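> Need coordinates for the following:
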Amino acid sequence: MQAILQVENLHITFRGEEGDIRPVSGIDFHVHAGETLGIVGESGCGKSVTSLAVMGLLPKGIGRVSNGRILFQNQNLTELKQTELQKIRGKEMAMIFQEPMTSLNPVYTVGEQLGEQIRLHLGLNKREAREKAAEMLRMVGIPRAEQIIREYPHQLSGGMRQRVMIAMAMSCDPKLLIADEPTTALDVTIQAQILDLMRELKAKQGTSIVFITHDLGVVAEMCDRVVVMYAGQVIEEASVRELFQNPQHPYTKGLIASIPSLDQQRRRLYSIRGTVPHPSAMPGGCRFAPRCDDVQAACRENPPLLHAGTEHKCRCWLVAKGGEELGADVAGSA
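The predicted structure follows:
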């Protein structure tokens with residue numbers, strides 16, 4: 001199956017006061033046409049930074065792609081000028097940001113913001129763009145579309161603003177949609193409506209989706225495959241069914257164990273001890289070693305490779321060595 005997006009050995013570097021830091025270090029993943037890929041992990045693991053790099057939206061002068069390639073329809077986005085990226089961004093690929101209130105311009109009406117993108121990429125005149133904007137609002141389930149396009153973002157509820165963001169992202173029929181935690185700030189009822197809407201739009205338009213979240217329940221409901229990130233690396237990748245039935249990395253097991261269950265009565269939910277390390281202070285060896293319940297001496301000394309099975313990949317010495325006691329053989333293979 002043809003991949004519409006391929007991220008290869010991606011390194012992202014930010015300039016800091018005390019020198020360069022690297023929040024993303026050599027990640028690889030791909031998205032097939034018509035597929036929904038979930039990217040999960042705690043805050044600070046590099047999910048959102050990766051999505052900004054794909055869209056060419058890293059903060060200018062501070063962040064940059066320092067190594068690797070981002071191939072969209074076999075075109076390397078890291079080699080394009082901003083003017084060339086602008087022709088692709090919004091039309092061929094689009095993004096839904098986490099907080100719509102900070103993503104929508106407060107001094108322009110909804111119709112003006114939707115219409116600007118439509119005119120830019122589809123070449124419609126002002127009246128045609130306004131009609132298209134109203135059509136897109138109706139498509140995402142917003143009533144009174146003709147009235148809403150004259151209103152400002154602050155006049156809408158959080159769920160309505162997120163629907164406007166989805167309408168804006170889908171207005172030019174993009175082939176790839178990146179959704180960066182699009183339901184985080186919404187209550188559960190609105191969350192369910194937004195997820196249903198995204199499924200409907202994918203079914204109608206065949207759009208490929210990269211769904212970034214820390215909610216494994218949403219992943220189970222929305223995604224075909226899952227990439228688990230930790231401390232700027234991909235640590236596990238598998239189909240949704242395989243990941244939930246047979247998680248291999250201790251971090252993935254910890255994430256799944258922390259999900260509340262109706263079938264099990266537990267006095268206290270499981271939690272992974274510690275926090276994600278800062279990019280400027282990554283531990284040696286396995287980056288998860290300081291938090292891992294199964295850590296062995298060799299894990300702290302040797303960074304594991306992404307062990308690739310048939311369709312299940314995992315970055316863990318315990319998996320690479322079949323769970324046996326680690327020793328000098330690991331050091332020799334590092």
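
> Can you pull out the low-pLDDT segments for the chain?
Low-confidence segments of the chain, defined by pLDDT under 70: 1, 100-101, 185, 262-266, 309-310, 320-334.

> which residue ranges form the helices in it?
Assigned by DSSP state H, the helices in the chain fall at 47-55, 82-88, 100-103, 110-122, 126-139, 145-148, 158-170, 188-205, 216-222, 240-245, 250-257, 317-320, 328-333.

> among those helices, which is the most enclosed?
Highest mean neighbour count among these (mean count of other CB atoms under 10 Å): helix 158-170, with a mean of 24. C-beta here means a position set from N, CA and C on the backbone, and glycine is covered the same way.

> Just want the angle from that helix to helix 188-205.
Between helix 158-170 and helix 188-205, the angle comes out at 20 degrees (axes from the mean of the first three to the mean of the last three CA atoms, to 10 degrees).

> Using CSV, write out the CA atom coordinates for helix 158-170.
Provided in CSV are the C-alpha atoms of helix 158-170 (Å, rounded to 0.1, in the frame of the first residue of the first chain):
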residue,chain,number,x,y,z
GLY,A,158,-15.7,25.4,22.7
GLY,A,159,-17.3,22.7,20.7
MET,A,160,-18.5,25.1,18.0
ARG,A,161,-15.0,26.6,17.7
GLN,A,162,-13.5,23.1,17.3
ARG,A,163,-16.1,22.4,14.5
VAL,A,164,-15.0,25.6,12.8
MET,A,165,-11.4,24.5,13.0
ILE,A,166,-12.4,21.1,11.4
ALA,A,167,-14.4,22.9,8.7
MET,A,168,-11.4,25.1,8.0
ALA,A,169,-9.1,22.1,7.8
MET,A,170,-11.4,20.2,5.5
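
> Identify the residues contacting it?
94-97, 100-101, 103-104, 110, 113-114, 117, 133, 136-137, 139-142, 148, 153, 156, 177, 182-183, 185-186, 190, 193-194, 197-198, 201, 205, 207 (CB atoms under 8 Å, 6 or more residues apart in numbering).

> returning to what we had before: reformat the helices of the chain as a markdown table; add distance to residue 27.
Shown next, in a markdown table, are the helices of the chain (distance: least, CB to CB, whole Å):
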| stretch | distance to residue 27 |
| --- | --- |
| helix 47-55 | 7 |
| helix 82-88 | 20 |
| helix 100-103 | 25 |
| helix 110-122 | 29 |
| helix 126-139 | 33 |
| helix 145-148 | 39 |
| helix 158-170 | 23 |
| helix 188-205 | 24 |
| helix 216-222 | 18 |
| helix 240-245 | 17 |
| helix 250-257 | 15 |
| helix 317-320 | 18 |
| helix 328-333 | 22 |
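
> now for those helices, which one comes closest to residue 38?
Closest of these to residue 38 is helix 216-222, at 4.2 Å (criterion: CB to CB).

> Distance from the chain centre to that closest one, please.
Taking the mean of its C-alpha atoms, helix 216-222 sits 13 Å from the chain's own mean (CA atoms, centre = their mean, to the nearest Å).

> Which residue, other than its chain neighbours, is closest to residue 152?
Take residue 152 and drop its neighbours on the chain: the residue closest to it by CB to CB, 6 or more residues apart in numbering is residue 109, 5.8 Å away.

> Could you report the neighbour count for the one you found?
Neighbour count for residue 109, taken as other CB atoms under 10 Å: 17.

> ok, the residue nearest the centre of the chain - contacts?
By CA atoms, centre = their mean, the chain has its centre lying nearest to residue 212, at 2.8 Å. By CB under 8 Å, 6+ apart, the residues touching residue 212 are 38, 39, 40, 47, 48, 51, 178, 179, 180, 181.

> What residues sit buried inside stretch 33-46?
By neighbour count with 16 or more other CB atoms under 10 Å, stretch 33-46 contains the buried residues 34, 35, 36, 37, 38, 39, 40, 41, 44, 45, 46.

> Same list (those residues) but as JSON lines, adding distance to residue 237.
Formatted as JSON lines, the buried residues of stretch 33-46 follow (distance: CB to CB, whole Å):
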{"residue": "34", "distance to residue 237": "18"}
{"residue": "35", "distance to residue 237": "13"}
{"residue": "36", "distance to residue 237": "14"}
{"residue": "37", "distance to residue 237": "9"}
{"residue": "38", "distance to residue 237": "10"}
{"residue": "39", "distance to residue 237": "10"}
{"residue": "40", "distance to residue 237": "11"}
{"residue": "41", "distance to residue 237": "12"}
{"residue": "44", "distance to residue 237": "20"}
{"residue": "45", "distance to residue 237": "14"}
{"residue": "46", "distance to residue 237": "15"}
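
> Perfect, I'm done here.
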